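A.B. asks: A predicted structure for the sequence below; I have some questions about it.
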Amino acid sequence: MFDLIKRYPWLPSLEEYYSDISSKDPLEFIHEVFKSDKVGFLKKRILSIFNAAFENIELIQDYAADNLNIYLYIILRILLYVLDNKSISNRIANLYSKNTYNELNEDRDYNLFKIYQDLNLEVKYEEEPIIYKKRVIKDQEEIFKTKFKIFFIDYLKLASNLKDPYRKLVNNALFEGYVYVKPKNLNRLIQEYVRIKLLTQKKINLERLKELREQLFKNPEFKDLFNEIKNLWEKKKEDFEYALDTKYKRGKDMLKTFPPCIEEILSKAEEGQNLIHIERLYILWFLNALEYPEDEIINVFSKLPDFDREKTEYQVKYAIKKGYTPYSCKSLKSYNLCRAIEKNDELCLKGYYSKTKEKQQEIYHPLRYVDVMEYRNSRKLKNSKKNLEKQNEGS
């Protein structure tokens, strides 16, 4: 358990096996940690997590299952508490829980069983896999089997926050009070447990929160870290708070307002080419931000070689529910998805002139591109109408 808790410090046994760390008062904990030789490594890892969350990256890149991981988890909880920002908390909770999900999926059955036990879940493990479902599609038989089964009450508790139809009890294999489930699907429920745990911290009133901040800020290292995160957010949140006036209207052709990176992905999808994971996420989040209907977003993926309507519907609904923000131009360049130079797109390369700011502005986000193009098109339409009216008056 000592080693498991290093990998998964959100486990209840943290308080038993590492009570010397977890039971400390937050002020005492921060004072000790930020005066120790661990502080440099911890600050680097914490900033890496916040950077990744603000950039919509899905993995903690320098994750390590060592003793520092326990300190990192506790500091994260303290930071989210005193930052008191729902947008930041949601992003960190999503990233951290996704990382947990990936770690769980790579772990061995014995460790998973110990983890489920530590969470006080009534889970049973069979030495031989049990076949619990068969499905035939186009004469191909698919067999579902697992070594794990969970008591239905525990399953319902874990699945209560996930509203997908296929997670309902009636849509799962249930026998003698136990739900037969693959570890991957059970780990997804644990992911949600971890996400909620990071989000649901009991808040005190604003006066006491302010007082707690002031006490914590007496440690200059912690104050510097707090301010660095706040500054990161101030720089990044502009990408998430664009003044987007352009929205989907059925029958309206918006393709002419899309940036070249989106045109490229849509073209590949239309031709039935396979899209990489990042491309799929990007196009999904982009169209969702424009409030495209679910059916139209799903249709974009319908020609892909591995299209699965049930899975796609779930992913689209999940993205809509979470309200994920499309990648910024900076992120798209890092993922090699930017097509500005390749397509020689003038707006992407040179930006646009802002009358309000009286200077040239760069395109920092693909949705800003749509806004500018929509504005330009509306101006062209008004000018053409005026010219037509003048011609009619002249004739």
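C.D. replies: Noted; the coordinates are in hand.

A.B. asks: And the particular helix or strand that has residue 70 in it, how far out from the chain middle?
C.D. replies: Element membership for residue 70 (DSSP states H and E) is helix 67-83. Helix 67-83 sits 19 Å away from the centroid of its parent chain (C-alpha atoms, centre = their mean, to the nearest Å).

A.B. asks: Residue 9: how many residues sit nearby?
C.D. replies: Residue 9 is flanked by 22 other residues according to other C-beta atoms under 10 Å. To be clear about C-beta, it is placed using only N, CA and C from the backbone, and glycine gets the same treatment.

A.B. asks: what does residue 226 give?
C.D. replies: Residue 226 has 18 neighbouring residues, counting by other C-beta under 10 Å.

A.B. asks: packing partners for the one helix or strand it maps to?
C.D. replies: According to DSSP H and E, residue 226 maps onto helix 220-240. With contacts defined as 3 or more C-beta pairs under 8 Å, 6 or more residues apart in numbering; DSSP states H and E, helix 220-240 has these neighbours: helix 39-54, helix 67-83, helix 86-106, helix 206-216.

A.B. asks: now these as JSON lines including mean pLDDT?
C.D. replies: Shown next, in JSON lines, are those (pLDDT from 0 to 100):
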{"stretch": "helix 39-54", "mean pLDDT": "91"}
{"stretch": "helix 67-83", "mean pLDDT": "92"}
{"stretch": "helix 86-106", "mean pLDDT": "90"}
{"stretch": "helix 206-216", "mean pLDDT": "88"}
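
A.B. asks: the helices in the stretch 201-350 of the chain, which residues?
C.D. replies: With DSSP state H, counting those that start in this stretch applied, the stretch 201-350 of the chain shows helices at 206-216, 220-240, 260-270, 277-289, 294-301, 309-322, 329-334, 340-343, 346-350, listed in chain order.

A.B. asks: which residues sit in contact with residue 162?
C.D. replies: Residues in contact with residue 162, defined by C-beta atoms under 8 Å, 6 or more residues apart in numbering, are 188-189, 192.

A.B. asks: Could you single out the nearest of those to residue 226?
C.D. replies: residue 192 (28.1 Å; C-beta to C-beta).

A.B. asks: Tell me if I'm right that that closest one and residue 160 touch.
C.D. replies: No: using C-beta atoms under 8 Å, residue 192 is not in contact with residue 160; the gap is 9.1 Å.

A.B. asks: Which one's more surrounded, these two?
C.D. replies: residue 192 (16 against 12).

A.B. asks: And the more buried one, which helix or strand is it part of?
C.D. replies: Using DSSP H and E, residue 192 sits in helix 183-199.

A.B. asks: would you list the helices and strands packed on helix 220-240 in JSON lines and tack on mean neighbour count and distance to residue 16?
C.D. replies: Formatted as JSON lines, the helices and strands packed on helix 220-240 follow (neighbours: other C-beta atoms under 10 Å; distance: least, C-beta to C-beta, whole Å):
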{"stretch": "helix 39-54", "mean neighbour count": "18", "distance to residue 16": "23"}
{"stretch": "helix 67-83", "mean neighbour count": "19", "distance to residue 16": "13"}
{"stretch": "helix 86-106", "mean neighbour count": "19", "distance to residue 16": "20"}
{"stretch": "helix 206-216", "mean neighbour count": "13", "distance to residue 16": "27"}
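
A.B. asks: Out of these, which gets nearest to residue 372?
C.D. replies: Set against residue 372 and scored by C-beta to C-beta, the helices and strands packed on helix 220-240 come closest in helix 39-54, at 23.7 Å.

A.B. asks: For the closest one, what is the distance to the chain centroid?
C.D. replies: With C-alpha atoms, centre = their mean as the basis, the mean position of helix 39-54 lies at 17 Å from the chain mean.

A.B. asks: packing partners for it?
C.D. replies: Looks like helix 39-54 contacts helix 67-83, helix 86-106, helix 220-240 (3+ C-beta pairs under 8 Å, 6+ apart).

A.B. asks: Which strands and helices lie in contact with the helix holding residue 70?
C.D. replies: Partner elements for helix 67-83 (3+ C-beta pairs under 8 Å, 6+ apart): helix 2-7, helix 19-22, helix 26-33, helix 39-54, helix 86-106, helix 183-199, helix 206-216, helix 220-240.

A.B. asks: got a list of what residue 66 touches?
C.D. replies: By C-beta under 8 Å, 6+ apart, residue 66 lies in contact with residue 6.

A.B. asks: Could you measure from it over to residue 5?
C.D. replies: In this view, residue 66 and residue 5 are 11 Å apart by C-beta to C-beta, to the nearest Å.

A.B. asks: okay, and the common contacts of those two?
C.D. replies: With the criterion set as C-beta under 8 Å, 6+ apart, the contacts of residue 66 and residue 5 do not overlap.

A.B. asks: Could I get the contacting residues of the closest residue to residue 212 other than its chain neighbours?
C.D. replies: Leaving aside its sequence neighbours, residue 212 sits nearest to residue 82 (C-beta to C-beta, 6 or more residues apart in numbering; 6.4 Å). The contact partners of residue 82, by C-beta under 8 Å, 6+ apart, come to 209, 212-213, 216, 226.
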